[in-house]
Every structure is written in structure tokens, then in C-alpha cells.
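In: Predicted model, plus sequence, below.
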Amino acid sequence: MSKRKGVSAEEKRVRVLQIFYEKKEFFQLKELEKIAPKEKGVIAQSVKDVVQSLVDDGLVDTDKIGTSIYFWAYPSKAKHSRKRKLTDLSNKLEETNKKLKKVKENVETANLGREESDERTTILENIASLKTEEARLKDEIQKYKDSDPEVLEQMKQQIQSCHDHKECIENWINCVLIS
């Protein structure tokens, strides 16, 4: 029992595109489904999907005339399309290289004065210890915040406000009950 290896999707695309380039004609899908298996070894069931992928990628043109849909492709269009794509990619590459060069220059500029030395290491260690000390002091301040005179005064005012509201509500209730 021998196993035949199938044709890859990309190879099918190449083979169907060759039909267009070699014949330099327009075709309906039914015609392509007959020609592709005979001349290029692409199974008829996959021709529709292959042609659609070529249309989606702009390699094959299509148009509906009346009730029929026609497909065609010419080598010159593919050449111009590839040339345009190559130009676009070249421009993107050039822009990316410029950005890369600028970033490298920025890195070099940023690294000036940051060379490893004993003095720099000592300063960085000092900064780290000062940040740790700052965090510890902030925690300690937070502990004593409840004893802060301003905070205590605010709390007293809130308590007094609550008492005032309580007295107003009690007076209102008494008035309502008396009436």
C-alpha cells in the first residue's frame, strides 16, 4: 500500500497561477476546475479555494459579467505588484534602520557617565538604602497619624456634628409626638 503525498496549498497556488500566466486568457471557475487537474495536478475540489485565495491576495482579478464570474491574471501585473511590494518593504526597512540607529545613539548618550566604577556602585547602594529608610519612616509616620492633632481635631468636629444632628432628630421626634 503506497501513500501519495498531497500537494501543499502554496504549491497549488503556484500551479493555478501558472495556468493564468501561460494561457493569458480569462476563465470561469468550471473551466479552471477542468484544466487544473489535467494540466497541473491540482484536484478539482480545491481549485475554488485556491482561486479565491489568489483573488484575496490580489494576484488574480475577477469580475462578474451578467451571471458569470470571470477570473484572469497576467504576469505583468504580478511583476508590478511584486515591484511595488518590494519598494514598500525597502522603505520600511530603511525607516527601521534609521530608528535603530537613533535608538543606538540614544543608548550611547544615556550610558555616558554611567560606566561601572566603585564610586557609582557606592552611590547606587546609598540610594537603595535611602529609599528603604524612606519607606520605613513613612510606615512609622502612618502609625502616629492617629495621634496627629489635626486628625484628632477633625474627628472631634465630626463627633460634635453627629451630636448636633442627634439633638435635632430628638427634637423633631418630640415635636411630632406632641402634635
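Out: Received it, and whenever you're ready, just let me know what you need.
In: contacts and neighbour counts: CA atoms only from here.
Out: Noted.
In: So which elements touch the lengthiest helix in the chain?
Out: Longest helix in the chain by number of residues (criterion: DSSP state H): helix 75-111. Here helix 75-111 touches no other helix or strand, going by 3 or more Cα pairs under 8 Å, 6 or more residues apart in numbering; DSSP states H and E.
In: Tell me the helix or strand right after it.
Out: Downstream of helix 75-111, the first helix or strand assigned by DSSP states H and E is helix 118-143.
In: now the longest helix of the chain, how far from the chain's geometric center?
Out: 20 Å (Cα atoms, centre = their mean, to the nearest Å).
In: Renumber starting at 34 from here on
Out: Let's use 34 as the start, then, which means that last one is helix 108-144.
In: So for it, what gets flagged as buried?
Out: For helix 108-144, the neighbour count (16 or more other Cα atoms under 10 Å) marks no residue as buried.
In: repeat for stretch 53-61
Out: Neighbour-count burial for stretch 53-61 [16+ other Cα under 10 Å]: 53, 54, 59, 60.
In: Let's see which of these end up in strands.
Out: Among these, DSSP state E puts 59, 60 in strands.
In: Can you give me the domain assignment for this structure?
Out: Domain assignment for the chain, taken from automatic domain parsing, gives 42-106, 109-148, 149-180, 181-212.
In: Point out where this structure drops to low pLDDT.
Out: Along the chain, segments meeting pLDDT under 70 span 34-38, 179-180, 212.
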